[in-house]
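> just need the structure, nothing else, for what follows:
(2 chains)
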Amino acid sequence: DQQVKQNSPSLSVQEGRISILNCDYTNSMFDYFLWYKKYPAEGPTFLISISSIKDKNEDGRFTVFLNKSAKHLSLHIVPSQPGDSAVYFCAASASTGNQFYFGTGTSLTVIP
Amino acid sequence: DTAVSQTPKYLVTQMGNDKSIKCEQNLGHDTMYWYKQDSKKFLKIMFSYNNKELIINETVPNRFSPKSPDKAHLNLHINSLELGDSAVYFCASSRRQGRGEAFFGQGTRLTVV
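Predicted coordinates for the structure are as follows:
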């Protein structure tokens, strides 16, 4: 049973516009959330994280928003750049747990 | 200097063979993981070790056996390989179990023919 879901397999955005990637989770015990970026033939690389005590975390062009009541988080990239084209994975973990749960990823294409 | 390195990157082998994938991290992390990415691109946990101790052993055939000689290494041995084992296997590490950021290796694409 998948506890972290990314319902959009792909997303295309024009360069300079905003990219919004969405993620939903089902386990209310999750209290730490991460976004990873993955290029082909490489491992996922950490992008940004957020703790459940916050509803927003920003790092340069990347902002993650957390809506605990909706069990939903999103990653905003603005402005989008062609180098942002990659697969983005959402992940979650619980303080009582011992692993990271991943979504199936969203493939982002930024069109020059 | 690579933080998490796994070898080989590509592995093509015949059914029935036994193979190993090696993983090393130089981050001083206590926890290491093996994830499998299947054809649907889903990253699923296989094993987790904390300070050389097995913490998670998900429903994985016992043909898969992890070995952690020290907390910087977590190798994956696979016996009697089957076609369905074809996937990308990722090693990862984190400072603590399921906390902080996990660092991933480059992945090993295993193809069983």
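> contacts and neighbour counts: CA atoms only from here.
Will do.
> who are the contact partners of residue 93?
With no chain named, the answer covers chain A. By Cα atoms under 8 Å, 6 or more residues apart in numbering or on different chains, the contact list for A:S93 reads A:30-33, A:99-101, B:98-99.
> I was after chain B.
Counted by Cα under 8 Å, 6+ apart, B:S93 has contacts B:4, B:25, B:29-33, B:102-104.
> can you tell me the SS state at it?
strand (DSSP: H, G, I helix; E, B strand; the rest coil).
> which residues does it form beta bridges with?
Using DSSP bridges, the beta-bridge partners of B:S93 come out as B:M32, B:F103.
> ditto for A:K56
Following DSSP bridges, A:K56 is listed with bridge partners A:F65.
> which elements pack onto the helix or strand bottoming out on mean pLDDT in chain B?
Each helix and strand of chain B was given a mean pLDDT (mean pLDDT, DSSP states H and E); the minimum falls on strand B:53-57 at a mean of 80. Judged by 3 or more Cα pairs under 8 Å, 6 or more residues apart in numbering or on different chains; DSSP states H and E, strand B:53-57 is in contact with strand B:43-50.
> what's the strand it packs on in contact with?
Contacts to strand B:43-50, defined as Cα under 8 Å, 6+ apart, come from residues A:99-104, B:30-37, B:54-60, B:66, B:68, B:71, B:74, B:96-97.
> list the buried residues of the least confident helix or strand of chain B.
Within strand B:53-57, the residues that count as buried by 16 or more other Cα atoms under 10 Å in any protein chain shown are B:54-57.
> distance check, B:K36 against B:L110.
Distance, B:K36 to B:L110, using Cα to Cα, to the nearest Å: 10 Å.
> one more: A:D55?
Distance from A:D55 to B:L110, by Cα to Cα: 40 Å.
> higher neighbour count, those two?
B:L110 (20 against 13; other Cα atoms under 10 Å in any protein chain shown).
> hang on, the more buried one packs against B:V88?
Yes: proximity of B:L110 to B:V88 meets the contact threshold set by Cα atoms under 8 Å, at 6.0 Å.
> what's the closest non-adjacent residue to the spatially most central residue of chain B?
For chain B, the residue nearest the mean C-alpha position is B:W34 (3.2 Å; Cα atoms, centre = their mean). Of all residues not flanking B:W34 in the chain, B:C91 sits nearest, at 4.7 Å (Cα to Cα, 6 or more residues apart in numbering or on different chains).
> who's in contact with that neighbour?
B:4, B:6, B:23, B:32-35, B:74, B:104-105, B:107.
> kindly recompute the last result at 10 Å.
A:43, B:4-7, B:21-25, B:32-36, B:45, B:47-48, B:73-76, B:102-108 (Cα atoms under 10 Å, 6 or more residues apart in numbering or on different chains).
> with respect to A:S12, which of the contacts of A:S93 is nearest?
Nearest to A:S12 among the contacts of A:S93: A:F33, at 23.8 Å, using Cα to Cα.
> so which residues of chain B form strands?
B:4-7, B:10-13, B:19-25, B:31-37, B:43-50, B:53-57, B:64-70, B:73-78, B:87-94, B:103-104, B:108-112 (DSSP state E).
> for A:G16, find the nearest of those.
For the strands of chain B, proximity to A:G16 was assessed by Cα to Cα; strand B:103-104 is nearest, at 29.2 Å.
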